[in-house]
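# What follows is a predicted structure for the sequence shown.
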Amino acid sequence: MARYGMVMNVHACLGCRACMAACSEWNQTPFWAEDFKGKWRTRVTEIEEGKFPEVKRYFFPTICMHCENPPCHSVCPTEATYINKDGIVLIDYDLCLGCGYCIEACPYDARYEYELDDLKQDEFYFGEDARHHQAHVDKCTFCVDRLAEGIEPSCAATCVGHARIFGDLDDPKSEIAQLVSTGKAKPLGEYMGAKPKVYYIK
Amino acid sequence: MDLVQQHIWGWNIATYLFFGGLGGATMALGILGEMRFKLGKWFGILTSLLGLAILSFGLIWLVIDLIDPLRFLLAFWVAGIGHSWIARGMVIINGAYIFGVLYAIAAFLEKETFKKWMGYLAMFCGFGVTTYTGLLLNANVGIPFWHTPALPLLFTISAFSTGCALLMLILAAMKSHEAKHYFHFIEGFDIFLISAELLTIFAYFDFARLGNAAVMKSAHMLLANPLFTIGFVVLGLISPLILEAYASVKESAKGVALVASIMVLIGGYLLRYLIVWAGVFQYPHGLAG
């Protein structure tokens, strides 16, 4: 039993978006969506701040926060959203009603609708290997299938700048646990009380 | 903070919220009329079934809004009842159907004791339907304008106000002395409800004035929208309040009360739509991609 989390080092993110590509390819998320429509399990947002000449520009990676008190789980009527033994917030697609309540409840914009059209596209691109077979709400799983094989989530594995540090928060020797325990990495929007397990170095 | 207007829920959900509340309130007030104001068994049967029909019409919109409407049967799998207002609402709605129909059957067969108990349970479930819709929106922590204890109160008051409006339209077509008596009771009750609704709306905006950025943005969006200021507040609340107050003291002004009822119904629908429309997420900075 672990308590998986991730640290995002914003200073180290190059904005290459290889994480988005790797994630969408591995998890078959709707990279085909017109104008992208925000249907990503992970995103990298370009942010510009300040006024000339004091302007700074950086890239901000986001993902499901895998909260310990997840509002998405609180509102789910069918228990399709659940927390596994390793603290990962997952969705049982067979139980997902598709009401969108969890999308509204998530204060971190981590969820989106995997619609009927997306199922067709998934089958078109991946054929027999298609992994989505019913309409559902979708989100990051920390690549739980890769973890089962002892591999890192695809976004962290592909990150060239080591901006995504994945690991067990309960393992004091892990890099992530040290970054969190020293206070270098902090969660976003703590005031909302969801207790996120994704931390940021900003 | 990044402020982003929510776009997942829209007309479909607002339509359900309105008809759900109207249906629940119509059933509760209709059964009350039969049980306490002696309006006869047919009044009880017809209003309880009308309430359920309105609720059913609303539920159609809820199903249409699902990602895949054919998966609606999963809504009966209410494993999340311990924490989810959709699951709790599903149980309450089923209760309204079961007890509402049993009440109508008992009333038809004139089984008085059974009818009385089914009537109480149906009224309780009808009240529950009006209340849970506000609690449902209230659970969204990322949308501060919805995440306030005032919202369930506002929706419940509005639902009963629309229920009163519909019953006034029905009662106006009835000639009996009891119907006249209940019409005046409902009219007075609606005046109280609209007044309470105005007070709640005022308190809501006073709270928003000093609230956080997302709440302020929601409030500004509403105040800048004529559908809210003129459509809901002026034509859906203040005007019917004045008209009903006038009608309540003038014996011959039934028509005025009926016009007010229609305005209340339109106002109730606008309120649901506008509150859903004005939901604004308050994301930590950088999240809104």
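Yep, it's here.
# Strands of the chain, start to end?
Defaulting to chain A. Along chain A, the stretches classed as strands by DSSP state E are A:4-9, A:43-51, A:54-62, A:81-83, A:89-91, A:112-114, A:136-138, A:164-168, A:186-187, A:198-201.
# nope, chain B please
Counting by DSSP E, chain B has strands at residues B:2-5, B:280-283.
# Now distance to B:M35, mean neighbour count and mean pLDDT too, for the strands of chain A, in TSV please.
C-betas here are computed from N, CA, C, even on glycine. Shown next, in TSV, are those (distance: least, C-beta to C-beta, whole Å; neighbours: other C-beta atoms under 10 Å in any protein chain shown; pLDDT from 0 to 100):
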stretch	distance to B:M35	mean neighbour count	mean pLDDT
strand A:4-9	57	24	97
strand A:43-51	57	13	90
strand A:54-62	55	16	93
strand A:81-83	42	20	97
strand A:89-91	46	21	98
strand A:112-114	45	23	94
strand A:136-138	43	25	97
strand A:164-168	62	21	97
strand A:186-187	54	16	95
strand A:198-201	55	20	96
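# possible to save these as CSV with distance to A:P153?
Formatted as CSV, the strands of chain A follow (distance: least, C-beta to C-beta, whole Å):
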stretch, distance to A:P153
strand A:4-9, 8
strand A:43-51, 15
strand A:54-62, 12
strand A:81-83, 17
strand A:89-91, 13
strand A:112-114, 18
strand A:136-138, 15
strand A:164-168, 6
strand A:186-187, 18
strand A:198-201, 11
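# Give the residue farthest from the middle of chain A.
Within chain A, A:P53 marks the point farthest from the mean C-alpha position, 34.3 Å out by C-alpha atoms, centre = their mean.
# Contact partners for the residue nearest to A:D118 when sequence neighbours are not counted?
Using C-beta to C-beta, 6 or more residues apart in numbering or on different chains and skipping the chain neighbours, the partner closest in space to A:D118 is A:P30 (4.7 Å). Under the criterion of C-beta atoms under 8 Å, 6 or more residues apart in numbering or on different chains, the neighbours of A:P30 are A:24, A:37, A:39, A:114, A:118, A:121-122.
# do the same with B:L39
B:L39 makes contact with B:33, B:174, B:176, B:178-179, B:182, according to C-beta under 8 Å, 6+ apart.
# Give me the buried entries from the residues you listed.
Using 16 or more other C-beta atoms under 10 Å in any protein chain shown as the burial test, the contacts of B:L39 include B:33, B:178-179, B:182 as buried.
# just to revisit the earlier point, nearest to A:N84, out of the strands of chain B?
For A:N84, the closest of the strands of chain B is strand B:280-283, at 25.7 Å, according to C-beta to C-beta.
# Are that closest one and chain A in contact anywhere?
Yes - under the criterion of C-beta under 8 Å from any C-beta of the partner chain, chain A is reached by strand B:280-283 at B:281-283.
# Summarise which helices and strands that strand is packed against.
strand B:2-5, helix B:213-223 (3 or more C-beta pairs under 8 Å, 6 or more residues apart in numbering or on different chains; DSSP states H and E).
# Look up the closest residue to the most centrally placed residue in chain A, ignoring the ones flanking it.
Centroid check for chain A by C-alpha atoms, centre = their mean gives A:I63 as the closest residue, at 2.8 Å. With sequence-adjacent residues excluded and distances taken as C-beta to C-beta, 6+ apart, A:I63 is closest to A:T42, at 4.5 Å.
# That neighbour and A:M65: what is the separation?
Separation of A:T42 from A:M65 (C-beta to C-beta, to the nearest Å) stands at 12 Å.
# likewise A:K85?
Plainly put, A:K85 is 18 Å away from A:M65 if you go by C-beta to C-beta.
# if we can go back for a sec, which of the contacts of A:P30 has the most neighbours?
A:Y114 (26 neighbours; other C-beta atoms under 10 Å in any protein chain shown).
# For the residue nearest to it when sequence neighbours are not counted, which residues are in contact?
Excluding the flanking residues, the one nearest A:Y114 by C-beta to C-beta, 6+ apart is A:D138, at 4.2 Å. By C-beta under 8 Å, 6+ apart, the residues touching A:D138 are A:29, A:39, A:41, A:91, A:111-114, A:132.
# so A:D138 bridges to which residues?
A:D138 has these beta-bridge partners by DSSP bridges: A:Y112.
# so does the lowest-mean-pLDDT helix or strand in chain A get close to chain B?
Of all helical and strand segments in chain A, the minimum by mean pLDDT, DSSP states H and E falls on strand A:43-51, at a mean of 90. Yes - Strand A:43-51 is in contact with chain B by C-beta under 8 Å from any C-beta, via A:43-45, A:47.
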